[in-house]
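> return a 3D structure for these sequence lines:
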Amino acid sequence: LKNKESSNLSPGLINTSLDSKEFCGELSFGMAHFRNDAQTTWVLLAAVCVGPLTSAMCPMSRSSVDKVVKNQQDARVLIKQQDHSDHQAAAAAVDWAAVKNDIKTMLVTSQPDWPADYGNYGPLFVRLAWHCSGSYRTSDGRGGCDGGRQRFDPERSWEDNTNLDKARHLLWPIKEKYGQGLSWGDLFILAGTIAIESMGGPVLGFCAGRIDDTDGSASAALGPSPEQAAFAPCPTNGECKSPLGSSTVGLIYLNPEGPMGNPDPSLSVFDVRDTFGRMAMNDSETVALIGGGHAFGKTHGACPEGAGPSPKEDPTNPWPGECGTGRGVDAYTSGFEGPWTTDPTTWDNSYFKLLTGQDWEVHQGPGEKHQWRAKGNDVPTAPGPDGGARQRTMMLTSDISLLHDPTGAYQEVVRSYAEDAKTFDNSFAHAWYKLTTRDMGPVTRCLGDMTPPAQPWQFPLPPPPPPASLANFTRVREEVASIDPAYRPLLVRLAWRCAGTFRSTDYLGGCNGARVRFSPEVDWPVNAGLDVALAVLEPIKSRYADGLSWADLIVLAGTKALELSGAPSLPFCGGRTDATTGVGAAFLEPIGVSGAFDDSNVDLRESFKISGLSDREMVALIGGGHSLGGMHVDTSGFQGSWTTDPTSIDNAYFKGLFTESWEVFTVAASGQKQYKARGKDSLFMLKTDMWIRFDPELAAAGEEFAADNRVFLDVFATAWTKLMNADRFDGPGNNLCDSSALQEPVRDSSTATEIARAQM
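Next up is the predicted model:
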C-alpha cells in the first residue's frame with residue numbers, strides 16, 4: 001500500500017505500535033481513499049481488525065495475529081455468503097425483459113473496432129455462452145459459467161477463448177446499465193440464449209441467479225496451473241483424461257483438427273464421445289449441440305500468422321490478429337476458415353443435410369490447419385462475412401467424425417436430425433439449457449420467470465411438506481436418545497456420509513433426498529456398514545410415516561447422537577424430502593479421502609475445496625467425527641480407535657495427534673497400512689489424519705483445537721450445521737434454514753407415556 005504513494009496512506013499503516021483504534025482507523029481511512037471499493041476495504045479490515053476495537057490489546061500483537069490468520073478464510077466465507085444474499089435481492093429486481101431487448105439491439109449493431117460477421121453478433125455470443133458453460137465437468141463439478149470466470153485467467157487466455165474479450169467488451173454497456181443484479185455469468189448465458197432465439201432457434205428457457213466470482217481461482221484446477229498439474233496432471237496435452245473435462249488443456253472439449261492435429265475422423269470420434277461424456281452429455285445431446293452450435297457463424301483463420309499474444313501475455317492489446325487488419329475478413333480465432341452452412345445467421349437443420357449430403361475431403365485452409373471441404377466445383381457456399389465474396393462451406397474433423405462412429409449411434413442421430421427438423425429443435429433446446437445450466441444445481445437455485453420446469457438432470461425432489469405437517473421433532477429427538485448408545489457413532493457417520501456428498505462447485509449432493517439409501521452411494525466402500533444404522537432407525541421412521549422423511553431423520557439422529565456424546569446444543573432445520581432413486585449421486589463418490597495409505601494431501605485439500613467448507617471447518621469435522629467410534633477391519637480394513645474414549649466428543653483427538661509419536665502399522669487381517677501411537681496399542685490414526693499434522697495450514701487449526709476444547713466444539717458445531725443444511729436452497733444466495741419458520745419447533749418434551757403410545 002505504501003508503495004502506491006497515496007497521499008492518504010499514513011506511515012502509521014506500517015507502525016505496529018499503534019493501538020487498536022489507531023491502527024484500524026488508519027487502515028480504514030487509507031483503504032477508503034486508495035480504492036473506492038467497500039467490499040475490498042471490508043475484506044482487509046475483517047482480516048486484520050477482527051477483534052473488538054474497544055479492546056485494549058493491539059490487534060497486531062502475537063496472539064491476535066495468530067487468531068487473525070486462523071480466521072481469515074472463515075471471514076472471507078462469511079463475507080461472500082452475505083454478498084450472495086445481496087445479489088439475490090438485486091437479481092430479483094432486474095427487468096429481464098428490458099435486458100433481453102437491449103441484447104437484441106446490441107446483436108445487430110455492428111461496431112467498427114470488431115465488426116459483426118454478416119452484420120449479426122449472434123454467432124459470437126452463442127460461442128461466448130458455450131465456451132463459458134462448456135468448461136463444466138462432472139468429475140468434481142468445476143467449470144461452468146456460474147462465477148463468470150471467463151473474465152479471468154486461466155480461462156480468458158485459453159486458446160479456445162481467443163477474441164471472446166471482444167464479445168465481453170460489447171456487453172459492457174448492458175452490464176453497466178443494470179449493475180449488480182445482472183451478473184456477468186447471467187449476462188453471458190442470456191446473451192447466447194437470446195442470440196439463438198433471435199436467429200430463429202429453439203430455446204427452453206433461462207435460469208437466472210449466477211453469482212460472479214472476484215477472481216479466477218476457482219478455475220485454477222481447470223488448468224493450465226500448478227494446481228491442475230498437481231491434482232490432475234496431463235503428461236501429454238491432447239491426451240488428457242478425467243478428472244479434466246477436456247482432452248486438451250486450453251480447449252473446451254477436444255482438438256477439432258483431430259487428435260494431436262491428426263485429421264482422422266475415425267479417431268476423433270472417440271474424443272468427441274469421451275469429452276462430451278465428461279459433462280454427462282449423451283449421444284443425442286452431443287450431436288444436437290454440435291449441429292446446433294455450428295448452424296451459426298463461421299470459423300476464422302485468414303492466414304497462418306495467428307491471433308497474436310493472449311490477454312495473459314499482453315493484457316493491453318490481447319489477440320490483435322496478425323492477418324491484415326486483424327478484423328472482419330482478416331480475423332484469426334481458431335485457425336480454421338469458413339462457415340458450416342449456407343445461411344450462418346438463420347436456424348435450420350441444414351448442417352446435418354450438408355454433412356450427410358456431400359462427399360468431403362480434407363485439405364489445409366488459409367490458416368494452414370486441416371479442415372474439410374465438399375468435393376467438386378458445384379458446392380454449397382455462404383455470403384462472405386463482410387458482404388463480399390462468397391465462401392465455400394466447410395467442416396472440421398470433429399464434425400466429420402460423427403459419420404465415423406464404429407457403434408453407428410452418431411450416424412443414426414445425424415440422419416434423424418437431417419430428416420426431422422422438429423426432433424432436432426427439441427433436442428437442441430433441451431441440450432442447450434442443460435449445457436448452460438448444469439452448474440447451477442437444483443431448480444430451486446434459479447430466479448426469474450424464464451425458468452422452465454425442473455429437468456431430469458437437476459434431480460428434482462418432491463416438494464417439501466408444510467411445516468405444520470412435520471413430525472414433532474422434539475419427540476423424535478427423544479426416541480433417538482433411547483437408542484442403544486453403542487450406535488451413536490454409527491448414526492453420526494450416517495449423517496456425515498449422507499450430507500458429505502455436497503459439492504459447492506455445482507451444488508449437487510447433500511442429505512436432502514437421503515440418496516444414501518440407494519445405489520450407487522450404498523455401494524461405495526466408504527459407506528460400508530451404514531445399512532446397520534438405517535435398520536436401527538427404521539422403527540422410528542415407520543411410526544411417523546410421511547411426517548418424517550428419511551433425510552430429516554438421518555440428519556436429526558446424527559445431530560442428537562453428537563449432543564448426547566458431548567457436543568454443544570445443535571440446531572435442526574426440518575422439511576427435507578426423500579428421493580425415490582439414487583441417480584442424483586452418480587458423480588459424487590469421494591476421491592482420495594478413504595484413509596488409504598496412498599491418499600495424498602492434494603486429494604484431501606481438493607475434497608475440502610469442493611465441499612465449500614474452510615480448512616478450519618473441515619479439520620474440526622474430521623476431529624469430531626474421529627472422536628467417536630472406531631475403525632473396523634470387516635468394513636474398512638483398518639482397526640482401532642482414534643481416542644481412548646470413543647464415546648465422547650472433545651479435543652482428545654487433536655491432543656493425541658500432535659502429542660504422540662506415530663509409526664506405520666500394518667493390519668494383519670487386511671494388509672492395510674495406518675498409524676499407531678508408539679508404545680500404545682489403543683491409539684490409531686489414518687493417513688488422512690496425519691495430513692492434519694503434516695500440512696502447516698491444517699496443523700495450525702489442529703493445534704488450536706488441541707489447546708482449546710471450547711474453540712474446537714464451537715467451530716465443530718458451526719461446521720456441522722453448515723454441512724447439514726448446505727443443500728437447503730432458497731434461490732442462488734439464500735438458505736431455507738435461515739428462515740425461523742423452518743427451525744425446529746419449540747414444543748414441550750413428550751412424556752414417557754406419549755413416547756410409549758407413539759411406539760404402539
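
> which residue ranges form the strands in the stretch 251-400 of the chain?
Using DSSP state E, counting those that start in this stretch, the strands of the stretch 251-400 of the chain run over 298-299, 338-339, 360-364, 370-374, 381-382, 391-392, 394-395.

> just checking: what are the partner strands of the last one?
It refers to strand 394-395. strand 370-374 (antiparallel) (DSSP bridges).

> restricting to C-alpha, output the strand it pairs with in PDB.
The C-alpha trace of strand 370-374 is given here as PDB (Å, rounded to 0.1, in the frame of the first residue of the first chain):
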ATOM      1  CA  HIS A 370      -6.600 -29.300 -41.600                       C
ATOM      2  CA  GLN A 371     -10.300 -28.800 -42.400                       C
ATOM      3  CA  TRP A 372     -12.800 -30.400 -44.800                       C
ATOM      4  CA  ARG A 373     -14.400 -29.200 -48.000                       C
ATOM      5  CA  ALA A 374     -17.000 -30.700 -50.300                       C
END
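
> show residues contacting that strand.
257-258, 261, 263, 299, 336-338, 354, 358-365, 379-380, 392-397, 399-400 (CB atoms under 8 Å, 6 or more residues apart in numbering). All C-beta atoms are positioned from the backbone trio N, CA, C, and that covers glycine.

> that strand vs strand 360-364, what angle?
Using axes from the mean of the first three to the mean of the last three CA atoms, to 10 degrees, one finds that strand 370-374 and strand 360-364 are set 140 degrees apart in direction.

> please compute how far strand 370-374 lies from its chain's middle.
37 Å (CA atoms, centre = their mean, to the nearest Å).

> picking that back up, so which of the strands of the stretch 251-400 of the chain is nearest residue 321?
Proximity to residue 321 (CB to CB) singles out strand 298-299 among the strands of the stretch 251-400 of the chain, at 14.1 Å.

> pairing partners for the closest one, with directions?
strand 338-339 (antiparallel).

> returning to that earlier point: redo the strands of the stretch 251-400 of the chain as a markdown table? Include mean pLDDT, mean neighbour count and distance to residue 478.
As requested, those are exported to a markdown table (pLDDT from 0 to 100; neighbours: other CB atoms under 10 Å; distance: least, CB to CB, whole Å):
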| stretch | mean pLDDT | mean neighbour count | distance to residue 478 |
| --- | --- | --- | --- |
| strand 298-299 | 98 | 23 | 68 |
| strand 338-339 | 98 | 26 | 71 |
| strand 360-364 | 98 | 14 | 73 |
| strand 370-374 | 98 | 21 | 72 |
| strand 381-382 | 97 | 18 | 74 |
| strand 391-392 | 96 | 16 | 77 |
| strand 394-395 | 98 | 25 | 69 |
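
> any chance of these in CSV, plus distance to residue 267?
As requested, the strands of the stretch 251-400 of the chain are exported to CSV (distance: least, CB to CB, whole Å):
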stretch, distance to residue 267
strand 298-299, 21
strand 338-339, 23
strand 360-364, 13
strand 370-374, 13
strand 381-382, 29
strand 391-392, 25
strand 394-395, 16
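
> so which of the ones you listed is nearest residue 726?
Per CB to CB, nearest to residue 726 of these: strand 298-299, 42.5 Å.

> contacts for that closest one?
Under the contact criterion CB under 8 Å, 6+ apart, strand 298-299 has outside partners 117, 123, 333-334, 336-340, 344, 371, 382, 385, 391, 394, 396.

> which helix or strand in this structure has the lowest average pLDDT?
helix 752-758 (a mean of 32; mean pLDDT, DSSP states H and E).

> for burial, what's the neighbour tally of residue 597?
15 (other CB atoms under 10 Å).

> tell me, what's the model's pLDDT at residue 601?
In this model, residue 601 is scored at 89, pLDDT.

> got a list of what the closest residue to residue 340 other than its chain neighbours touches?
Nearest residue to residue 340, sequence neighbours excluded (CB to CB, 6 or more residues apart in numbering): residue 294, at 4.2 Å. Residue 294 makes contacts with 340-341, 351, 399, as judged by CB under 8 Å, 6+ apart.

> with these in mind, which one is nearest to residue 154?
residue 399 (27.2 Å).

> isn't the closest one up against residue 340?
Yes - checked against CB atoms under 8 Å, the pair residue 399 and residue 340 is within contact range at 7.3 Å.

> ok now stretch 215-226, how far from the chain's centre?
13 Å.

> give me the contacts around it.
135, 140, 142-143, 147, 149, 151-156, 227-229, 231-232, 234, 244-245, 249-250, 505, 606.

> quick one, which of those residues are buried?
135, 140, 142-143, 147, 149, 151-156, 227-228, 231-232, 234, 244-245, 249-250, 505, 606 (16 or more other CB atoms under 10 Å).

> residue 494 contacts residue 535, correct?
No - using CB under 8 Å, residue 494 is not in contact with residue 535, being 10.9 Å away.

> where do the helices sit along the stretch 51-200 of the chain?
62-92, 96-107, 122-133, 164-178, 184-198 (DSSP state H, counting those that start in this stretch).

> which strands and helices sit next to the last one?
Spelled out, that is helix 184-198. Helices and strands touching helix 184-198, by 3 or more CB pairs under 8 Å, 6 or more residues apart in numbering; DSSP states H and E, are helix 96-107, helix 122-133, helix 164-178, helix 421-437.

> so which of those is the most packed in?
Most buried of these, by mean neighbour count (mean count of other CB atoms under 10 Å): helix 122-133, with a mean of 26.

> average pLDDT for that one?
98.

> and stretch 503-516, by the same measure?
pLDDT averaged over stretch 503-516 gives 97.

> mind saving the C-alpha coords of it as PDB?
C-alpha atoms of stretch 503-516 as PDB (Å, rounded to 0.1, in the frame of the first residue of the first chain):
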ATOM      1  CA  ARG A 503     -20.400 -30.100  -3.700                       C
ATOM      2  CA  SER A 504     -20.200 -26.300  -3.600                       C
ATOM      3  CA  THR A 505     -18.900 -26.400  -7.200                       C
ATOM      4  CA  ASP A 506     -22.100 -27.500  -8.800                       C
ATOM      5  CA  TYR A 507     -24.500 -27.700  -5.800                       C
ATOM      6  CA  LEU A 508     -25.100 -31.400  -6.200                       C
ATOM      7  CA  GLY A 509     -25.200 -33.800  -3.200                       C
ATOM      8  CA  GLY A 510     -26.200 -33.300   0.400                       C
ATOM      9  CA  CYS A 511     -28.600 -35.200   2.500                       C
ATOM     10  CA  ASN A 512     -31.800 -33.700   1.100                       C
ATOM     11  CA  GLY A 513     -33.300 -36.700  -0.700                       C
ATOM     12  CA  ALA A 514     -31.500 -39.300   1.500                       C
ATOM     13  CA  ARG A 515     -29.900 -40.900  -1.500                       C
ATOM     14  CA  VAL A 516     -27.500 -42.700   0.800                       C
END
